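Undergrad: With the input below, show me the fold.
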Amino acid sequence: MPNTRVHWRPALLGGIVAAVMFIAWLFICKWSQIRVAQFSKLYGSFAVVPIVLFWVFVSWQIVLFGAEVAFAAQNCMTYRMEYGSKRANVQSRLILALSVVVEVGKTMMGKAEPFEVAEYARANKIPVRFLNDIVEDLSNLGFMAPISDSDGKYVMLKQPSDVSVRSVISAVMGSGVKPEALGLMSVRPDIEQIVKMNSDGIGGSMADKTIADLIES
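TA: Numbers count the residues shown, from 1 in each chain. Just a heads-up that it's a prediction; the model follows:
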(Lines give C-alpha, C1' and ligand atoms only; values in the text may rest on other atoms or scores of the structure.)
Protein backbone atom coordinates (compact mmCIF):
# COMPACT_ATOMS: atom_id res chain seq x y z
CA MET A 1 0.00 0.00 0.00
CA PRO A 2 1.12 3.67 -0.16
CA ASN A 3 4.81 4.19 0.60
CA THR A 4 4.16 7.51 2.30
CA ARG A 5 2.69 8.95 5.47
CA VAL A 6 -1.06 9.43 5.07
CA HIS A 7 -3.02 11.72 7.40
CA TRP A 8 -6.09 10.23 9.03
CA ARG A 9 -8.66 12.50 7.36
CA PRO A 10 -7.64 11.69 3.74
CA ALA A 11 -7.23 8.04 4.74
CA LEU A 12 -10.74 8.02 6.23
CA LEU A 13 -12.21 9.62 3.10
CA GLY A 14 -10.46 7.16 0.80
CA GLY A 15 -11.54 4.26 3.01
CA ILE A 16 -15.19 5.37 3.01
CA VAL A 17 -15.24 5.77 -0.78
CA ALA A 18 -13.64 2.35 -1.27
CA ALA A 19 -16.00 0.74 1.26
CA VAL A 20 -19.13 2.16 -0.41
CA MET A 21 -17.94 1.06 -3.84
CA PHE A 22 -17.05 -2.40 -2.53
CA ILE A 23 -20.49 -2.84 -0.93
CA ALA A 24 -22.11 -1.82 -4.22
CA TRP A 25 -19.86 -4.29 -6.02
CA LEU A 26 -20.96 -7.08 -3.64
CA PHE A 27 -24.62 -6.32 -4.43
CA ILE A 28 -23.81 -6.53 -8.14
CA CYS A 29 -22.07 -9.86 -7.58
CA LYS A 30 -25.07 -11.19 -5.66
CA TRP A 31 -27.44 -10.07 -8.42
CA SER A 32 -25.31 -11.76 -11.06
CA GLN A 33 -25.17 -15.11 -9.26
CA ILE A 34 -28.22 -16.31 -11.18
CA ARG A 35 -26.45 -15.81 -14.51
CA VAL A 36 -23.32 -17.41 -13.11
CA ALA A 37 -25.34 -20.48 -12.16
CA GLN A 38 -26.68 -20.69 -15.73
CA PHE A 39 -23.17 -20.51 -17.18
CA SER A 40 -22.01 -23.15 -14.72
CA LYS A 41 -24.61 -25.58 -16.07
CA LEU A 42 -23.29 -25.05 -19.60
CA TYR A 43 -19.52 -24.92 -19.00
CA GLY A 44 -19.13 -26.60 -15.63
CA SER A 45 -16.37 -25.51 -13.26
CA PHE A 46 -14.47 -23.71 -16.07
CA ALA A 47 -17.02 -20.89 -15.91
CA VAL A 48 -15.88 -20.05 -12.38
CA VAL A 49 -12.27 -19.21 -13.36
CA PRO A 50 -12.86 -16.03 -15.43
CA ILE A 51 -15.54 -14.89 -12.99
CA VAL A 52 -13.18 -15.17 -10.01
CA LEU A 53 -10.39 -13.39 -11.92
CA PHE A 54 -12.75 -10.58 -12.88
CA TRP A 55 -13.93 -10.29 -9.27
CA VAL A 56 -10.33 -9.98 -8.05
CA PHE A 57 -9.55 -7.41 -10.76
CA VAL A 58 -12.52 -5.18 -9.93
CA SER A 59 -11.88 -5.51 -6.19
CA TRP A 60 -8.29 -4.30 -6.59
CA GLN A 61 -9.42 -1.45 -8.82
CA ILE A 62 -11.74 -0.31 -6.03
CA VAL A 63 -8.91 -0.46 -3.48
CA LEU A 64 -6.56 1.49 -5.75
CA PHE A 65 -9.27 4.06 -6.49
CA GLY A 66 -9.75 4.57 -2.75
CA ALA A 67 -5.99 5.09 -2.39
CA GLU A 68 -6.05 7.64 -5.21
CA VAL A 69 -8.92 9.49 -3.51
CA ALA A 70 -6.89 9.62 -0.29
CA PHE A 71 -3.87 10.91 -2.22
CA ALA A 72 -5.96 13.56 -3.98
CA ALA A 73 -7.49 14.70 -0.68
CA GLN A 74 -4.10 14.94 1.03
CA ASN A 75 -2.51 16.78 -1.90
CA CYS A 76 -5.53 18.78 -3.07
CA MET A 77 -3.45 21.95 -3.57
CA THR A 78 -1.11 20.31 -6.10
CA TYR A 79 -3.19 17.42 -7.45
CA ARG A 80 -3.89 19.15 -10.76
CA MET A 81 -0.16 19.66 -11.25
CA GLU A 82 0.61 15.97 -10.78
CA TYR A 83 -0.23 15.12 -14.38
CA GLY A 84 1.78 18.05 -15.73
CA SER A 85 4.78 16.97 -13.67
CA LYS A 86 5.01 13.78 -15.73
CA ARG A 87 6.09 15.99 -18.66
CA ALA A 88 8.41 18.22 -16.64
CA ASN A 89 11.21 19.58 -18.82
CA VAL A 90 14.92 19.52 -18.02
CA GLN A 91 14.84 23.05 -16.62
CA SER A 92 12.12 22.13 -14.12
CA ARG A 93 14.03 19.06 -12.98
CA LEU A 94 17.25 21.02 -12.53
CA ILE A 95 15.53 23.79 -10.55
CA LEU A 96 13.92 21.31 -8.17
CA ALA A 97 17.05 19.15 -7.87
CA LEU A 98 19.24 22.11 -6.92
CA SER A 99 16.59 23.41 -4.52
CA VAL A 100 16.41 20.03 -2.77
CA VAL A 101 20.20 19.71 -2.52
CA VAL A 102 20.37 23.21 -1.00
CA GLU A 103 17.68 22.33 1.56
CA VAL A 104 19.42 19.08 2.50
CA GLY A 105 22.71 20.98 2.69
CA LYS A 106 21.20 23.37 5.23
CA THR A 107 20.66 20.43 7.56
CA MET A 108 24.29 19.39 7.16
CA MET A 109 25.37 22.92 8.09
CA GLY A 110 23.00 23.05 11.07
CA LYS A 111 20.77 25.72 9.56
CA ALA A 112 17.57 23.68 9.22
CA GLU A 113 15.72 20.61 10.44
CA PRO A 114 16.15 17.31 8.54
CA PHE A 115 14.67 17.49 5.05
CA GLU A 116 11.22 15.87 4.88
CA VAL A 117 9.67 15.20 1.48
CA ALA A 118 6.00 15.61 2.42
CA GLU A 119 6.59 18.79 4.42
CA TYR A 120 8.74 20.38 1.69
CA ALA A 121 6.14 19.57 -0.97
CA ARG A 122 3.36 21.01 1.18
CA ALA A 123 5.25 24.18 2.12
CA ASN A 124 6.30 24.96 -1.45
CA LYS A 125 3.17 23.58 -3.18
CA ILE A 126 5.15 21.16 -5.33
CA PRO A 127 3.61 17.98 -6.78
CA VAL A 128 4.74 15.30 -4.34
CA ARG A 129 5.19 12.63 -7.02
CA PHE A 130 7.50 14.95 -8.96
CA LEU A 131 9.44 15.69 -5.77
CA ASN A 132 9.70 11.98 -4.94
CA ASP A 133 11.05 11.34 -8.43
CA ILE A 134 13.77 13.98 -8.03
CA VAL A 135 14.64 12.81 -4.50
CA GLU A 136 14.98 9.24 -5.75
CA ASP A 137 17.33 10.40 -8.53
CA LEU A 138 19.46 12.39 -6.10
CA SER A 139 19.62 9.40 -3.76
CA ASN A 140 20.69 7.08 -6.57
CA LEU A 141 23.31 9.63 -7.64
CA GLY A 142 24.82 9.65 -4.15
CA PHE A 143 23.95 13.18 -3.05
CA MET A 144 21.56 12.22 -0.26
CA ALA A 145 20.13 9.23 1.59
CA PRO A 146 17.03 8.48 3.70
CA ILE A 147 17.27 8.40 7.48
CA SER A 148 16.61 4.80 8.50
CA ASP A 149 14.41 5.51 11.52
CA SER A 150 12.52 8.49 10.04
CA ASP A 151 9.93 8.07 7.30
CA GLY A 152 10.45 10.48 4.40
CA LYS A 153 13.42 12.33 5.93
CA TYR A 154 16.79 12.65 4.16
CA VAL A 155 20.34 13.76 4.91
CA MET A 156 23.16 14.87 2.63
CA LEU A 157 26.00 12.41 2.07
CA LYS A 158 28.63 15.01 1.19
CA GLN A 159 29.74 18.30 2.65
CA PRO A 160 27.94 21.21 0.89
CA SER A 161 31.33 22.86 0.37
CA ASP A 162 32.47 19.81 -1.63
CA VAL A 163 29.47 19.74 -3.98
CA SER A 164 29.47 22.16 -6.90
CA VAL A 165 26.39 23.35 -8.74
CA ARG A 166 27.93 21.95 -11.93
CA SER A 167 28.23 18.46 -10.44
CA VAL A 168 24.53 18.42 -9.53
CA ILE A 169 23.50 19.70 -12.97
CA SER A 170 25.71 17.15 -14.76
CA ALA A 171 24.49 14.29 -12.59
CA VAL A 172 20.80 15.10 -13.05
CA MET A 173 21.16 15.59 -16.81
CA GLY A 174 23.09 12.34 -17.07
CA SER A 175 20.62 10.27 -15.05
CA GLY A 176 18.31 7.84 -16.77
CA VAL A 177 18.86 5.64 -19.80
CA LYS A 178 22.06 6.52 -21.66
CA PRO A 179 22.07 7.44 -25.39
CA GLU A 180 24.08 4.30 -26.19
CA ALA A 181 21.33 2.08 -24.81
CA LEU A 182 18.81 3.78 -27.11
CA GLY A 183 20.92 3.48 -30.24
CA LEU A 184 21.41 7.25 -30.54
CA MET A 185 25.19 7.06 -30.97
CA SER A 186 24.82 5.86 -34.56
CA VAL A 187 22.55 8.72 -35.65
CA ARG A 188 24.84 11.76 -35.71
CA PRO A 189 28.07 11.62 -33.63
CA ASP A 190 28.66 15.35 -34.17
CA ILE A 191 25.30 16.15 -32.55
CA GLU A 192 26.41 14.32 -29.41
CA GLN A 193 29.38 16.69 -29.12
CA ILE A 194 27.13 19.74 -29.60
CA VAL A 195 24.76 18.56 -26.87
CA LYS A 196 27.66 17.75 -24.53
CA MET A 197 29.28 21.16 -25.04
CA ASN A 198 26.01 22.97 -24.37
CA SER A 199 25.29 20.79 -21.33
CA ASP A 200 28.70 21.61 -19.87
CA GLY A 201 27.98 25.31 -20.35
CA ILE A 202 24.68 25.30 -18.46
CA GLY A 203 24.82 27.54 -15.42
CA GLY A 204 27.68 29.72 -16.66
CA SER A 205 29.93 31.09 -13.94
CA MET A 206 27.32 30.23 -11.29
CA ALA A 207 27.94 26.54 -11.97
CA ASP A 208 31.36 26.83 -10.32
CA LYS A 209 29.79 27.81 -7.01
CA THR A 210 29.29 25.21 -4.33
CA ILE A 211 26.09 24.30 -2.53
CA ALA A 212 27.54 25.95 0.57
CA ASP A 213 27.91 29.20 -1.39
CA LEU A 214 24.21 29.06 -2.35
CA ILE A 215 23.22 28.42 1.26
CA GLU A 216 25.27 31.35 2.55
CA SER A 217 24.15 33.75 -0.18
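
Undergrad: tell me the secondary structure for the residue positioned nearest the centre of the chain?
TA: Per Cα atoms, centre = their mean, the C-alpha nearest to the average position across the chain is that of residue 129, at 3.4 Å. Assigned state for residue 129: helix (three-state reduction, DSSP: H, G, I helix; E, B strand; the rest coil).

Undergrad: Under the pLDDT cut-off, which ranges of this protein? List them.
TA: Low-confidence segments of the chain, defined by pLDDT under 70, are located at 1-4, 33-48, 75-79, 81-85, 182, 185-187, 189-190, 192, 196-205.

Undergrad: Show me the helices in it, by range?
TA: Ranges of helices within the chain are 8-31, 33-43, 48-74, 79-85, 90-108, 117-124, 128-140, 165-174, 189-200, 211-216, based on DSSP state H.

Undergrad: how close does residue 145 sit to residue 214?
TA: Per Cβ to Cβ, to the nearest Å, residue 145 is found 20 Å from residue 214. Using the backbone N, CA and C atoms, a C-beta is placed for each residue, glycine as well.

Undergrad: now swap in residue 69 and tell me
TA: Distance from residue 69 to residue 214, counting by Cβ to Cβ: 39 Å.

Undergrad: Next up, the contacts around residue 96.
TA: Contacts for residue 96 (Cβ atoms under 8 Å, 6 or more residues apart in numbering) come out as 126, 130-131, 134.

Undergrad: Apply 6 Å and report the result again.
TA: Contact criterion Cβ atoms under 6 Å, 6 or more residues apart in numbering gives residue 134 as the residues in contact with residue 96.

Undergrad: With distance to residue 149 as extra columns, can I get the helices of the chain in TSV?
TA: Written out in TSV, the entries for these read as follows (distance: least, Cβ to Cβ, whole Å):
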stretch	distance to residue 149
helix 8-31	22
helix 33-43	50
helix 48-74	23
helix 79-85	29
helix 90-108	15
helix 117-124	16
helix 128-140	17
helix 165-174	27
helix 189-200	38
helix 211-216	25
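
Undergrad: so which of those helices comes closest to residue 159?
TA: In this view, the helices of the chain are compared for proximity to residue 159 by Cβ to Cβ, and helix 90-108 is the closest at 6.8 Å.

Undergrad: so what's residue 159 closest to, chain neighbours aside?
TA: Nearest residue to residue 159 in three dimensions, chain neighbours excluded: residue 108, at 6.8 Å (Cβ to Cβ, 6 or more residues apart in numbering).
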